[in-house]
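Asks: Sequence and predicted model, in that order:
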Amino acid sequence: MILAKVVGTVVASQKNDGITGGKYLLVRACDTRGREKGEYLVALDLVGSGRGEVVLISQGSSARQTEFTYQKAIDCVIVGIVDRIEENGQVVFRKEEGR
């Protein structure tokens, strides 16, 4: 799994992925402190995440292993919302209150 930050939404009026009612979000890889880095990706949101949240994403064939994405044309999926990251005994990231 990869850490990423939700930075926007993606609206597609036409798509051919076999998913009905799915919400697509624009995410960008981030470090353990929530600082954005790396490439942007479009991810199917399975957990109700929102802008600014740090999330766990899965890519490639692993993204097609949920009951909603099984054998669908999905390459990136959000599978979790991060509340806290502890690194070497120190809390380096904590979700903001109200999110």
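Replies: Alright, I've got the coordinates.
Asks: in which helix or strand would I find Asp17?
Replies: Assigned by DSSP states H and E, Asp17 belongs to no helix or strand.
Asks: And the strands in this protein?
Replies: Per DSSP state E, the chain carries strands over the ranges 2-10, 23-30, 36-45, 54-59, 76-81, 84-87, 90-94.
Asks: For Arg33, see how far away Glu39 is.
Replies: Noted for Glu39: a distance of 18 Å to Arg33, by CB to CB, to the nearest Å. Just so you know, the C-beta spots here come from the backbone N, C-alpha and C atoms, and that holds for glycine as well.
Asks: just Gln59 next, same as before
Replies: Gln59 is 21 Å from Arg33, by CB to CB.
Asks: Find the centremost residue of the chain, please.
Replies: Nearest to the geometric centre of the chain sits Ile78, at 3.4 Å (CA atoms, centre = their mean).
Asks: Let me see the contact set for that residue.
Replies: If you count contacts by CB atoms under 8 Å, 6 or more residues apart in numbering, Ile78 has them with 4, 6, 25, 27, 43-47, 49, 55-57.
Asks: rerun that using 7 Å as the cut-off
Replies: Leu25, Ala43, Leu44, Asp45, Leu46, Val47, Ser49, Val55, Ile57 (CB atoms under 7 Å, 6 or more residues apart in numbering).
Asks: Between the residues you listed, which sits nearest Glu86?
Replies: Using CB to CB, Val55 comes nearest to Glu86 of the contacts of Ile78, at 17.3 Å.
Asks: The nearest residue to Arg84 once chain neighbours are set aside: how many residues sit nearby?
Replies: Sequence neighbours aside, Arg94 is the residue nearest to Arg84 in space, at 5.1 Å (criterion: CB to CB, 6 or more residues apart in numbering). By the criterion of other CB atoms under 10 Å, Arg94 has 13 neighbours.
Asks: distance of Arg94 from Gly34?
Replies: Using CB to CB, Arg94 is found at 9 Å from Gly34.
Asks: go on, Val92?
Replies: Distance of Val92 to Gly34, computed by CB to CB: 9 Å.
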